[in-house]
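Student: Structure, please.
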Amino acid sequence: MPQPESVSFEEFRVILCELLSMEAERLTPEAYFVSDLGVDSIRMVEVFLRLREMGVDVSPEMAWGIGTVGDAYRVYTECTAHGEDGMT
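Tutor: Residues are numbered from 1 along each chain as shown. Alright, predicted model coming up:
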């Protein structure tokens, strides 16, 4: 597993923007992946895989807690701040 990178919310948003093929303006911290952005389960798995590439391994328990873009960034920052890989 690579060491977690340190990226700002703006950088994180650009990564998601490219991954999800969306305009950055839509990816606010309050935006829900499913209801606001129309992200389906396959695309959410892609988000989790990208987090893994960034050094954060999202456990199934953690995945249930990610509903918004802000939630995803919070999980990312918590794991990178503590040097954890996201596994419980």
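Student: where does the protein dip in pLDDT?
Tutor: 1-5, 82-88 (pLDDT under 70).
Student: what ranges do the helices span in the protein?
Tutor: Counting by DSSP state H, the chain has helices at residues 9-20, 41-53, 60-64, 69-81.
Student: Give me the buried positions along the shortest one.
Tutor: If I follow you right, that is helix 60-64. Residues M62, A63 are the ones in helix 60-64 that count as buried (16 or more other CB atoms under 10 Å). For the C-beta atoms, the positions are set from N, CA and C on the backbone; glycine is no exception.
Student: ok, for the residue nearest to the spatial centre of the chain, nearest residue in space, not its chain neighbours?
Tutor: Centroid check for the chain by CA atoms, centre = their mean gives A72 as the closest residue, at 3.7 Å. Using CB to CB, 6 or more residues apart in numbering and skipping the chain neighbours, the partner closest in space to A72 is I66 (5.1 Å).
Student: do the same with S6
Tutor: T80 (6.0 Å).
Student: Wait, that neighbour touches F12, no?
Tutor: No - counting by CB atoms under 8 Å, T80 stays clear of F12, with 10.7 Å between them.
Student: What spatial separation is found between M44 and G67?
Tutor: 10 Å (CB to CB, to the nearest Å).
Student: so what sits against both of these two?
Tutor: Shared contacts of M44 and G67 (CB atoms under 8 Å, 6 or more residues apart in numbering): F33, V34.
Student: hmm, back to that, among the helices of the chain, which comes closest to E30?
Tutor: Evaluated over the helices of the chain, closeness to E30 peaks at helix 69-81, with 6.4 Å, by CB to CB.
Student: Mind listing what's buried along that closest one?
Tutor: Applying 16+ other CB under 10 Å to helix 69-81 flags V69, G70, D71, A72, Y73, V75, Y76, T77, C79, T80 as buried.
Student: Alright, calling it a day.
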